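**Q** Provided below are the primary sequence and the corresponding predicted coordinates.
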Amino acid sequence: MKILKGDEIEVTVGKDKGKKGKVEKVFEKLGKVLILNINTYKRHKKARLQNEKSEIITITKPLPVSNVALICPNCHKLTRVGYKLDKSSKIRVCRKCGKAI
């Protein structure tokens, strides 16, 4: 997966289009990323015990990777991720400016 934890991203599709945030968690097998306070939903929780309260909880759900774009830390533009092989390592590279991410 080309987007990693800690990357700055912007949502390109859906109800949160245009919002920016940092990736909190990556679900590689599902192809999704979790971004704090983006793609939030309300959930009504019913009291199970007599002394417990019913409440409305806000849940953040993961977004598909195809619905987000990486923001390059160097040129601050939305970009795709490329790779460059360097001796013994593989480096992520911005497709717009060509610098390492």
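**A** Right, received. Where do you want to start?
**Q** could you pick out the longest strand of this protein?
**A** strand 20-27 (DSSP state E).
**Q** ok, the residue of the chain positioned farthest from its centre to residue 43 distance?
**A** In the chain, counting by CA atoms, centre = their mean, residue 50 sits farthest out from the average C-alpha position, at 38.7 Å. Distance, residue 50 to residue 43, using CB to CB, to the nearest Å: 21 Å. Any C-beta I mention is one placed from the backbone N, CA and C, and that applies to glycine too.
**Q** residue 59 too?
**A** From residue 59 to residue 43 the distance is 5 Å (CB to CB).
**Q** low-confidence ranges in this structure?
**A** Along the chain, the model assigns pLDDT under 70 to no residue.
**Q** can you give me the end-to-end span of stretch 61-81?
**A** 24 Å (CA to CA, to the nearest Å).
**Q** list the buried ones in it?
**A** Residues 62-63, 65, 67-72, 79, 81 are the ones in stretch 61-81 that count as buried (16 or more other CB atoms under 10 Å).
**Q** over to stretch 14-24?
**A** For stretch 14-24, by 16+ other CB under 10 Å, it's 16, 21, 23.
**Q** swap in stretch 3-16?
**A** Applying 16+ other CB under 10 Å to stretch 3-16 flags 3, 7, 9-11, 16 as buried.
**Q** take that stretch, keep the C-alpha atoms, and write them as CSV.
**A** The C-alpha atoms that make up stretch 3-16 are tabulated as CSV, following Å, rounded to 0.1, in the frame of the first residue of the first chain:
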residue,chain,number,x,y,z
ILE,A,3,-0.2,5.4,1.9
LEU,A,4,1.3,4.8,5.3
LYS,A,5,0.5,5.8,8.9
GLY,A,6,1.3,9.4,9.6
ASP,A,7,0.9,10.6,6.0
GLU,A,8,-1.1,13.9,5.4
ILE,A,9,-4.0,13.1,3.1
GLU,A,10,-7.0,14.8,1.5
VAL,A,11,-10.4,13.1,0.8
THR,A,12,-11.2,13.3,-2.9
VAL,A,13,-14.6,11.5,-3.0
GLY,A,14,-17.7,11.4,-0.8
LYS,A,15,-19.4,13.4,1.9
ASP,A,16,-16.1,14.6,3.4
